[in-house]
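Colleague: Here you go, sequence then predicted model.
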Amino acid sequence: MKMLIPILKIFPVLLLSHALDVNGKNNRKSLGNPASSKYRDHFAEDGGINAIASANSPQAWHHDGKTYVVYQGDMNAPTFTYYDHRKPKGERWAAAVKAGVNPLGNRDTHGAPGMLIDKQGYLHVFYGSHGRRQMYSRSKHPYDITEWDKMPPVSPNMTYPNGAMLDNGTMVLIGRQGGHIRPWVELTSSDGGNTWSKERPIVDFRPHALYGNVKPGADGKTVHFTWSLQAKGGLIVGTSAELLYKSRGDYG
């Protein structure tokens, strides 16, 4: 029997309050009262059941008065909009634009997008992977969501992409190398996404699984990776650890 995936409204409060700025720093600004009649209570009506996902990040990024947001829209396609904090109320949300086609379609919601904005202002989005090719699109113009280039897949076999920007312009992408118990790996690009390094394993607890999250260090030179371990044959045990490491794309 085919499972129907409901279409959901997406509410902006959590995304905006936890957005990253252009340097990857946390951006926590007051949202006023989103329930007020002066505010729209949602910014999309085509969100899938896993429109945003905690295992993939970032999904919002703040720069120069705009908060860029990516989510899984119709057919779980990576879909962009932005919130312009400077415009009059009622005109702040931009029209949504698809940045690519999700090969998982509506059969699998694991391919939620993660995004980056590089030092030149280009937007990068990683999406459509669940133990398969890591799809990748890049904006044609800086700080512009309207046109996108489909780039070659950055990995033949990835799940849960998480990105971070270093101050020297290096992009770091960390994700699971395929299926449930596979190790988590790192890739880097120092040329705006034109080429990517080979995958480098960073955490491996086989035969156990883990679920991780990535945040850039405040120094702009390091990356923090935290995870919860899922013991073989059981539920997530609730233990958490943190790995602070220097990416090989760092200053050396």
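Modeller: Okay, I see it. Computed from a predicted structure; not experimentally measured. Residues are numbered from 1 along each chain as shown.

Colleague: Stretch 137-147: which residues count as buried?
Modeller: Using 16 or more other C-beta atoms under 10 Å as the test for burial, stretch 137-147 gives 137-139, 143, 145. Any C-beta I mention is one placed from the backbone N, CA and C, and that applies to glycine too.

Colleague: I would like the residues contacting that stretch, please.
Modeller: For stretch 137-147, contacts defined as C-beta atoms under 8 Å, 6 or more residues apart in numbering pick out 63-64, 66, 68, 78, 80-82, 94, 97, 99-100, 117, 120-125, 127, 148-151, 192-193.

Colleague: just to revisit the earlier point, need the max-distance pair from the buried residues of stretch 137-147.
Modeller: Put simply, by C-beta to C-beta the two of these set farthest apart are Ser137 and Tyr143, 15.3 Å from each other.

Colleague: can you list the weak-confidence ranges in the stretch 101-250 of the chain?
Modeller: Within the stretch 101-250 of the chain, the segments meeting pLDDT under 70 span 231-250.

Colleague: if you set the cut-off to 50 instead, what comes out?
Modeller: Counting by pLDDT under 50, the stretch 101-250 of the chain has low-confidence residues at 250.

Colleague: Now do the strands in it.
Modeller: 114-117, 123-127, 130-139, 148-165, 171-176, 184-189, 200-203, 209-216, 223-230, 236-245 (DSSP state E, counting those that start in this stretch).

Colleague: among the ones you listed, which is nearest Ile52?
Modeller: Of all those, strand 114-117 comes closest under C-beta to C-beta, at 10.2 Å.

Colleague: What helix or strand is Thr67 located in?
Modeller: According to DSSP states H and E, Thr67 maps onto strand 66-72.

Colleague: tell me the angle the next helix or strand after that strand makes with strand 123-127.
Modeller: Next helix or strand after strand 66-72 toward the C-terminus (DSSP H and E): strand 78-84. Per axes from the mean of the first three to the mean of the last three C-alpha atoms, to 10 degrees, the angle that strand 78-84 makes with strand 123-127 is 140 degrees.

Colleague: So which elements touch strand 78-84?
Modeller: Judged by 3 or more C-beta pairs under 8 Å, 6 or more residues apart in numbering; DSSP states H and E, strand 78-84 is in contact with strand 44-47, strand 66-72, strand 97-98, strand 123-127.

Colleague: I'd like the ones you listed as JSON lines, with distance to Thr170 appended.
Modeller: What follows is the helices and strands packed on strand 78-84, written out as JSON lines (distance: least, C-beta to C-beta, whole Å):
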{"stretch": "strand 44-47", "distance to Thr170": "32"}
{"stretch": "strand 66-72", "distance to Thr170": "20"}
{"stretch": "strand 97-98", "distance to Thr170": "27"}
{"stretch": "strand 123-127", "distance to Thr170": "12"}
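
Colleague: Lowest average pLDDT across those?
Modeller: If you rank these by mean pLDDT, strand 44-47 sits at the bottom with a mean of 79.

Colleague: residues touching Ala99, list them.
Modeller: Shown in contact with Ala99 (C-beta under 8 Å, 6+ apart): 70, 77-80, 113, 123, 125, 127, 137, 139, 145, 148.

Colleague: I'd like those residues written out as CSV, with distance to Ile52 added.
Modeller: What follows is the contacts of Ala99, written out as CSV (distance: C-beta to C-beta, whole Å):
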residue, distance to Ile52
Val70, 9
Ala77, 14
Pro78, 11
Thr79, 11
Phe80, 13
Pro113, 9
Leu123, 17
Val125, 13
Tyr127, 12
Ser137, 18
Ser139, 20
Ile145, 17
Trp148, 19
